[in-house]
Each structure stands twice: as structure tokens, then as C-alpha cells.
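Student: the sequence and its predicted three-dimensional model are supplied below.
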Amino acid sequence: MQVSQLLLFLVLFPLIAAFFLLFARKSLERNRIVKLAALAIGAISLWLLVAGFDKGMMMFGVSGKVLDLTMLAIELVIAVYLLWLGLKHKKYSVVILVVIQAALLLWFELVFGHTLVELPNNLFVDQFSIIMALIIGIIGSLICVYALGYMETFHEHHKEIADRRGMFFFVIFVFLSAMFGLVFSNNLLWVLFFWEITTLCSFLLIGYSQTAEATNNAFLALAMNMLGGVAFVVALIYLATLDPSGQLLELSTLLTSGYAVAIVPAVLICFAGLTKAAQMPFSSWLVGAMVAPTPVSALLHSSTMVKAGVYIIVRFAPVLTGTTEGLMIALVGGFTFLLTSCMAISVSNAKKVLAYSTIANLGLIVACAGVGTYNLMWVAILLIIFHAIAKSLLFLCVGTVEHRIGSRDIEDMGGLIERMPKMAVMMFIGMAGMFLAPFGMIISKWAAIEAFIQAPFGIIFIIILAFGGSATLFFWSKWMGKIISVMRHQENVEKTVPQDKWTVLWILTALVIIVALIFPLISSVLIEPYIMDIYGHTTRLAEANIIIMLLMLGLLMIMPFSMLFESKTPRIAPPYMGGRTTEGGMKFHGSLGMSRDLVLSNYYLRTYFGEEKLFMVGVLACWGIILIALVMVVGVVL
Amino acid sequence: MIPDPWAAVLNAVIYLLLAPVVGGLIAGIDRKITARMQGRVGPPLLQPFYDVGKLFEKENLVVTTTQNFYVLSYLVFMAVSGALFFSGGDMLLVIFAFTLSHIFLVLGAYAAFSPYSHVGAERELIQIIAYEPMIIITAAGMYMVTKSFYVSDIMQSAVPVVLYLPGVFIGYLIVLTIKLRKSPFDLSTSHHAHQELVKGVTTDFAGPNLAKIEIAHWYEYVFLLGVVYLFFGFNPLLAIAAIIIAYFLEILIDNTTSRAKWQLTMRSAWLVAGTLGIINLGVLYYLRMVVVP
């Protein structure tokens, strides 16, 4: 198959699978379709890698006019649907945004519809798109397979929730299709179309359980993303006003057309990216999205949705390089990183900790892309890869653990190493991937420091990284400590986890380690050529340092085997409990002859890192910065 | 860049062999001076070595066998980070390896699932987040002055680093107090009996494991004082004098203050990093970028 056919396959095939899933009523049928489709999507993404990694940017023409009108029609149908839902649930902010966006789109079509010429190249693919496609195609489809088993258990546990699995898998596959469309589209009108589809899909998935909380949070996500969507449409109108023939709507043309033309749409579209990537002040939608079934969270956090937000910002980064507007966007990312890292210290809900950690890491990506020097771009793309793998693994682990121990609270995960040993090891590796040397995220943090220190005003971000990074250390370590604490006499409860889930989890765990091992290869084959094409020079870590990292990784992996070579078998003794007031079996004497179990709880330092307080600070600061950026844009327009 | 791989390896090996000896001696001198300050005669200079030797003879008593793994990893990665430092490697990589080794100590304490170890582990973590920003700022400051993250370059730089980084240097001395487990910041475990009811983070380690933790501390001493050297790399004699004075100051502070609460520790460390560190780097940035571009 030619590369263009591969692209079309990746966009259309998930869509076809989605329609089959909509009508698959039996679990067995659904299982087969999902697994087959996942396999095909994963394989074709890999094929795309093999076929396209050395070819640089390739553009393809797909005849557009009919498609454009179809897309417009679908967008209007969606608008009517959302309007109806918004009125039904009395969510007037959504109603207003839907009306504004639909009106702007219609107006755009009426004014510019006849002047726009058909763009020659609606699709494109380059190394960055390939990286995104691999993340969507491999991690996304692994999550789909995992979701099969998860949703089965989910509906056993929650009888009160209507079983709409047909619709669930339909939406998930449409989501994947839209994500592929988004990263392959060269026509900004198409990007917008897929952009809105991802917003709709996440809305439907977050609201899946149809409880009041789920519905509210789904509408919150919808409203915030619609706000970004409106900014996106305004950017398109601006571009069409500049050039009514619509040449500037081609992403590849726009990105190389210079500051004067591109900065206004860049800022507007990056604003849309900020909403989608859940940066402050829009972070609350992603935190609220954790009411959705866990595979949805995994999908939103790792391979879809928020990654679309950072994808578009990283795409526009070359326009932002060295501009004050870019610095403003970077500052929003930087503050978000710092504050959400600190907020994660104060919460004990595992999914919430993961959500804050995602927002923080996206913040770091936005900070890198906003400053936009070539070595920071390198870091941003590396961060996207590492984060997607480790975070999907962690979400899926937490989901499985929740079903087995009946809680997603970190305080209830004590002694997981005894109760669910394999799962605990996977979580350990996933967390190590998020914050320990020599795994992925720390490689990126390191490269980020080295890159920021050479960038203008980079010193601000070094300081942000120094403080935010240490906060990151705290919340991951104490969670890690919780799961590896050895409580005695625990029952093993992981035997009921089905094989499918194990397979997915083991693959993801292996990927965390493998990617840390082969990242120099990924860098030299995919990231460096991409950066080279844009900036004319590129970056990488020094070879000696890479060797040292690999040696450290090797050392880390052989360390556990040291336990097999103990010269003397250690004698096991009970821990020190403080003497007279204790009795056997980890109990304390209480008053009146009562005996009390030992309970240990982590520190949350709420006086310093209280969620609400920091959130308010972040919202105010980031709104302030965004408004400055928007005022500057208005200045450019006038 | 790393100058010569063989010289680097040689330096690393020398560090791995000699650092425990030097670190143990420092600990011995420390105990002697501390005793004199308290009006005691104090133990023999080599007492730390006798102690560790004795600990190794003891039975390997554990709460859970995984403790052995965590403690060994703590020791190994502490040695690795020091070796990277003395072989002239990248400062940031050294810092990350250093952090990794501490996380292993914390995990070892968590693994025991006992009240004292647990509180010790939480406090050790608070100490880590208290000092970590300042250490990163130190590395960034040294880069701004010498244009390199490599220890070998910073050490050989003819620039009087400390004159450009006075705020960072003071900040580093303050987090050094945390790192050397000296009062008032010896939150997680202390060398002094009068500060501790139980031994904090090391409560549930015994015998050989405790000995390994002690050796890791010796490695750590040498590494931390090596960083002080970097501030004075332009004049080795001055550098050694600075190390001696700095360490003496730490002993003095240790013996004249009592343990602070964790709130104060964290606040003061972040405040110092957030004021002295940031102002110092800000001024440096301004001078480099604006005044002399």
C-alpha cells in the first residue's frame, strides 16, 4: 500500500469498525471486532512508520469540495444535537457557545464558501504525525482491548448504570478515527472538523454513566472545549479574510508564512490547544473527567484528546519561537506545571493524582513548545511519547486495582505488593517511568533544563522546573511507598484478573522500559529529522551521557536479583512498635482493654498545597496571562 | 565535555575506593569535635569504622526481605552518583542519580510498615523536596557562570564561581545542613541521641543493612563537600579551606540549635531557594543578557 492509502486506512478503518460495534449486540462478537480492529490499527500504524520514517514531509491531495460540505453538514448536525442536549439539561453556557460557533461557521461558509479554492494537499504526514499515529494506534488500541474486560466487570459492579456498551465502543473507535484525521490533516478546516469530533466524543464518554455528576462534568468538558473551538473558528475566519482564496488554510503553508501572518491564528489556535490540553484555567474539565470508566480516562490522558491539544501547540511552536506571545503561552504551561504538581500532593484519590500529574506534564510540554527553540521542541515531543505510555499503564492499573479492592483511594492501596504483587510491580515501573532516573520523564526533565537554560527567559522555567519537579517527587514517592509497604497476612486478590487485561498491561509495562532503552533511536530516526527540517539544526543528548543512562537502567534492572544471592538467609522480625503498649499482630493497646489496629497514613501537607487555594491562584494567574496574550493579538490585528 | 574516558573511569574508581575512608574519617572528626563542644572527650577517631565493622558481624535481621534490596540500591546509587560527580560527569545526571538513591532509602523505610519508619520516611521525603530545588538552582547557576553542566569543566574553570554565585552558595550551605542530617534540620533521623526517641527513617534497619546505610552516608559526605569545592575551583587551596570552614560551621550549627518542625524546615529551605537562589540567578541573567550581551 502507498503511504496515502495507509493514511486513509487509519482514518476510515476505525470508523467502519465503529459502525460494526454499534450493531454488535453479543459480547463475543464485540470482543472479536475490537481485538481484530485493534490489531489492524496497531499493525498499520507500524507499517506507516516503516513506510514513512525516512521520507520527511509528504503531502497528498484528496478531492475536497464534497468532503468539505459533508464535514460542514456533520458539524451542523452535531451543533443541533448539542443544542438539544444543552436545552434539555439547562446548560445555557453550552447552548450559547454552540450557537456562536455554528453561526460563525455558517457565516464563514456564506462569505468565503465561493471564494475558497480547492486546496491541493488536504492530507500530510511527517515524522511528528507518525509519532502521534503510533501513540494513537498502539496505545489507543491497547486501551480498547483492555476496555472489553473492564466494561464487563464495570457493569457487574454497577447494575444501576444502563449497559450501553455498543455506543461506548462506537464512540471510542470514532474517537481514534478523529485523532488520526487530526494528525494527518493539512487543511485547517479538516483539523477543526476532527477537533470538534474529539470534543464530542469525550463529552459522550465522560457522561457515559448518566449520573448527575457525570452529566455535569461532561457538560463542563464540553463548554471549555467549545470555548477553544470558537477561538479556532475565529482563527480560520481571520485567515480567510487575509487571503479569500484560502491558501493560508493549508497548515504547511501557514507555518512557513512568517510572524506577521501566522501569529494571530497561532495564538488563537494555541488557545484552543490550551483548553483541550486542560491547562489552567481550564484544568477542571480533565479532573472532572475521572468520573468516566477508567479506560476512558486512560484514553483521554494518554493517546487522545489532551494529546490533540499539545499536538497543535507543538505544530505551531515554530511560529511562536522567540515571540512574546509564545512566552505568554509558555508561562501558562509553566504555572500549570508548578501548581498542579503541588496540588497533586494534597489529594489521595488515585485518579485525581494521575489527572493532576497529566495536567502538569502537559503544562511542561506547552512551556517547551511556547518558548519553541529547537532543543525544546525535541523535549516536547519526547515528553509526549514517554507520558503517553507511562500514564496509560498507570490508569489501567488503577482501574484494575479499583475493581479488586473496591477503592481508588491511595490510602487503601497499602500493602498492594502482597495483595496484588504483579500489579504492584507494574505500577512501580509505571511510576518510576514518571519520575525516576533513568526512565522517560526524567530524561525529558533533564533535557528540558539543558534547553531552557539556553533559551531567552529560560531561567524562569528552570526555577519552575526545580520547584515543580520536587513536588512531583513527593507525591509519586509516597504513593510508591504505600503500595510497596509489606503488610502481613494479606490475601492475594489478583488471580481473577483476566488474561486479556494482563496482556495489555504487560505490553505497556514492557514499553515503559523499552522506550527508555531505545529513545536515542526514536530520537535519531523520527524526532531529529523533524526538528532538522524546521530549524535547520537539531539536538540530542551527549553520547557519553546516554551510555551512562543505559548502564544505570541495566543496573536498576539487575538490582532486584540481588535478593536471590543473599549469603545468609535473613531472619524476619516484627517491626518496632514502641514497646509496652503493643500486642502481637500489629496492634496497640487502647484504653479499657481495647486493642487497636495499626493504621498508617501518608502526609498530604494541605496547609501548604491545598487544592482549592492553589487552583484559585492558578486560575487568576493564567487568565491574566492569557488575556495579555489576547490583547497583544488584538494589537497585531489592528 | 568529559575529557578522557580513561581518566574519568580512574577518578570514579579512586572515589569508589577512597570515599568511604575519607567519609568515615570525616564522621570520626565530626564526632570528636562535637564531643568537645559538648564538654566530652569523645570516641576515638576511628570509631565510625569500628561501629560499621561491628554492624556487619551482626545477624541480618529484617522486617521484610525486600528491605535488603532497597538498602543495597541506596548504597549502590549513592556510590554511582558520587562516582559520576568525581569522574567529571554531567551535574544534572549526578543530581538525578542522587535523588534516585534517596528514594530507595525512603522506600526501604516504607516497606517495613511500622509507625516509626513510616514517619521517618515521610519526613525524609519532606527533606528531599526541601533541598531539591536549591540543588537544581545550584547546577543552573554553575552553568550560567561556566557555560557547562560538566563537573570537569566547572572544576577547571578559572572563573571565581563563588563571587558570581554568593546567594546560591549560601543557599547550598543551608541545604547542606539538611543533607548532612544536622540540627535544626535533622528531621528524619539524627546522629544525636538527644534529638531522637527512635531512629526515624532507619528504625527498622539492623545489622548489615544499617552498616550499608552508614557507608552510603560516607559516600554522600564526600560528594556533598565536593560540590562546595566547585564554588572555589579557581583556587584549590582556598577550596579546601572553604570545605573545612563550611563543615566546621555545620558542626557548630548542629550543636547550637535544636530540631525544628518540618514546617519550618520546608518553608525556610524553599524560602532560601526562592529568594537567594532566584535573585542570584536573576541578577546573573540580567548581567549576561542585558548588560554584557
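Tutor: Arrived safely, thanks for sending.
Student: please count neighbours and contacts with C-alpha atoms only from this point.
Tutor: Noted.
Student: now do the contacts for residue 233.
Tutor: Looking at chain A here, since you left the chain open. By Cα atoms under 8 Å, 6 or more residues apart in numbering or on different chains, the contact list for residue A:233 reads A:101, A:104-105, A:192.
Student: that's the other chain; I wanted chain B
Tutor: Neighbours of residue B:233 in contact, by Cα under 8 Å, 6+ apart: B:154-158, B:160-161, B:239.
Student: what about 10 Å?
Tutor: B:153-162, B:227, B:239-240 (Cα atoms under 10 Å, 6 or more residues apart in numbering or on different chains).
Student: mark which of those residues are part of helices, please.
Tutor: B:153-156, B:161-162, B:227, B:239-240 (DSSP state H).
Student: between the residues you listed, which has the most around it?
Tutor: Most neighbours among these, by other Cα atoms under 10 Å in any protein chain shown: residue B:154, with 26 neighbours.
Student: for that residue, which non-adjacent residue is closest in space?
Tutor: Counting by Cα to Cα, 6 or more residues apart in numbering or on different chains, residue B:154 lies nearest to residue B:146, which is 6.0 Å off, once chain neighbours are set aside.
Student: check residue B:211 too.
Tutor: Using Cα to Cα, 6+ apart, the closest residue to residue B:211 is residue B:52 (5.1 Å).
Student: please report the distance of the one you found from chain A.
Tutor: Using Cα to the nearest Cα, to the nearest Å, residue B:52 is found at 18 Å from chain A.
Student: kindly report the same for residue B:86.
Tutor: Relative to chain A, residue B:86 is positioned 14 Å away (Cα to the nearest Cα).
Student: show the contacting residues for that residue.
Tutor: B:8-16, B:80, B:94, B:151-152, B:222-223, B:226-227.
Student: can we see that at 8 Å?
Tutor: So residue B:86 contacts B:8, B:11-12, B:15, B:151, B:223 (Cα under 8 Å, 6+ apart).
Student: most surrounded residue in the residues you listed?
Tutor: Neighbour-wise, the contacts of residue B:86 (other Cα under 10 Å) top out at residue B:151, 27 neighbours.
Student: helices of the stretch 101-250 of chain B, residue ranges please.
Tutor: For the stretch 101-250 of chain B, the helices defined by DSSP state H, counting those that start in this stretch occupy B:115-146, B:151-156, B:161-164, B:166-179, B:207-231, B:236-256.
Student: got those helices as CSV, with mean pLDDT columns?
Tutor: Compiled in CSV, the helices of the stretch 101-250 of chain B are given as follows (pLDDT from 0 to 100):
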stretch, mean pLDDT
helix B:115-146, 92
helix B:151-156, 90
helix B:161-164, 92
helix B:166-179, 92
helix B:207-231, 94
helix B:236-256, 94
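Student: buried deepest among the ones you listed, which one?
Tutor: Neighbour counts (mean count of other Cα atoms under 10 Å in any protein chain shown) averaged over each of those peak at helix B:115-146, with a mean of 24.
Student: next, the angle helix B:166-179 makes with that one.
Tutor: Here the directions of helix B:115-146 and helix B:166-179 differ by 160 degrees (axes from the mean of the first three to the mean of the last three Cα atoms, to 10 degrees).
Student: got the angle for helix B:115-146 vs helix B:207-231?
Tutor: 20 degrees.
Student: what's helix B:115-146 packed up against?
Tutor: Here helix B:115-146 touches helix A:458-484, helix B:91-111, helix B:151-156, helix B:161-164, helix B:166-179, helix B:262-272, helix B:278-286, going by 3 or more Cα pairs under 8 Å, 6 or more residues apart in numbering or on different chains; DSSP states H and E.
Student: hmm, 7 Å instead?
Tutor: Packing partners of helix B:115-146 (3 or more Cα pairs under 7 Å, 6 or more residues apart in numbering or on different chains; DSSP states H and E): helix A:458-484, helix B:91-111, helix B:166-179, helix B:262-272.
Student: the ones you listed: which one's closest to residue A:183?
Tutor: helix A:458-484 (28.4 Å; Cα to Cα).
Student: do the closest one and chain B meet?
Tutor: Yes. Against chain B, helix A:458-484 shows contacts by Cα under 7 Å from any Cα of the partner chain at A:463, A:466-467, A:470-471, A:474, A:481-482, A:484.
Student: pull the distance from that helix to the chain's centre.
Tutor: Centre-to-centre, helix A:458-484 and its host chain are 19 Å apart (Cα atoms, centre = their mean, to the nearest Å).
Student: nearest residue to the residue of chain A found nearest chain B in space, please, no chain neighbours.
Tutor: Closest to chain B within chain A is residue A:485: 3.7 Å, counting by Cα to the nearest Cα. Computed as Cα to Cα, 6+ apart, the closest residue to residue A:485 that is not its neighbour in sequence is residue B:111, at 3.7 Å.
Student: phi first, then psi, for residue 192.
Tutor: All of this refers to chain A. The phi/psi pair for residue A:192 (degrees, to the nearest 10) reads phi -60, psi -40.
Student: wrong one, I was asking about chain B
Tutor: The phi/psi pair for residue B:192 (degrees, to the nearest 10) reads phi -100, psi 140.
Student: distance check, it against residue B:121.
Tutor: Using Cα to Cα, to the nearest Å, residue B:192 is found at 18 Å from residue B:121.
Student: what do you get for residue A:307?
Tutor: Separation of residue A:307 from residue B:121 (Cα to Cα): 35 Å.
Student: picking that back up, and the residue of chain A closest to chain B, how many neighbours?
Tutor: Residue A:485 is surrounded by 25 other residues when neighbours are defined as other Cα under 10 Å.
Student: can you pull the pLDDT of residue A:64?
Tutor: Note for residue A:64: predicted pLDDT of 65.
Student: same question, residue B:292
Tutor: We have a pLDDT of 57 for residue B:292.
Student: residue A:559 now?
Tutor: pLDDT for residue A:559: 86.
Student: now swap in the one 4 residues further on and tell me
Tutor: Per-residue confidence for residue A:563 comes out at a pLDDT of 79.
Student: and the stretch 51-200 of chain B, which of its residues are near chain A?
Tutor: The stretch 51-200 of chain B comes close to chain A at residues B:60-65, B:69, B:73, B:92, B:96-97, B:100, B:107, B:110-115, B:122, B:125, B:129, B:132-133, B:136-137, as judged by Cα under 7 Å from any Cα.
Student: the residue nearest to residue A:485 and residue A:482 touch, don't they?
Tutor: No. Proximity of residue B:111 to residue A:482 does not meet the contact threshold set by Cα atoms under 7 Å, at 8.1 Å.
Student: out of those two, which sits in the more crowded spot?
Tutor: Legend: neighbour count by other Cα under 10 Å for residue B:111 and residue A:482, higher for residue B:111 (30 against 26).
Student: contacting residues around residue B:25?
Tutor: residue B:46 (Cα atoms under 7 Å, 6 or more residues apart in numbering or on different chains).
Student: which element is it on?
Tutor: Element membership for residue B:25, per DSSP states H and E: helix B:5-37.
Student: what about the stretch 501-638 of chain A, any weak spots by pLDDT?
Tutor: A:567-568, A:579-585 (pLDDT under 70).
Student: re earlier: next, format the helices of the stretch 101-250 of chain B as a markdown table and append distance to residue A:363.
Tutor: Shown next, in a markdown table, are those (distance: least, Cα to Cα, whole Å):
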| stretch | distance to residue A:363 |
| --- | --- |
| helix B:115-146 | 19 |
| helix B:151-156 | 30 |
| helix B:161-164 | 32 |
| helix B:166-179 | 27 |
| helix B:207-231 | 32 |
| helix B:236-256 | 39 |
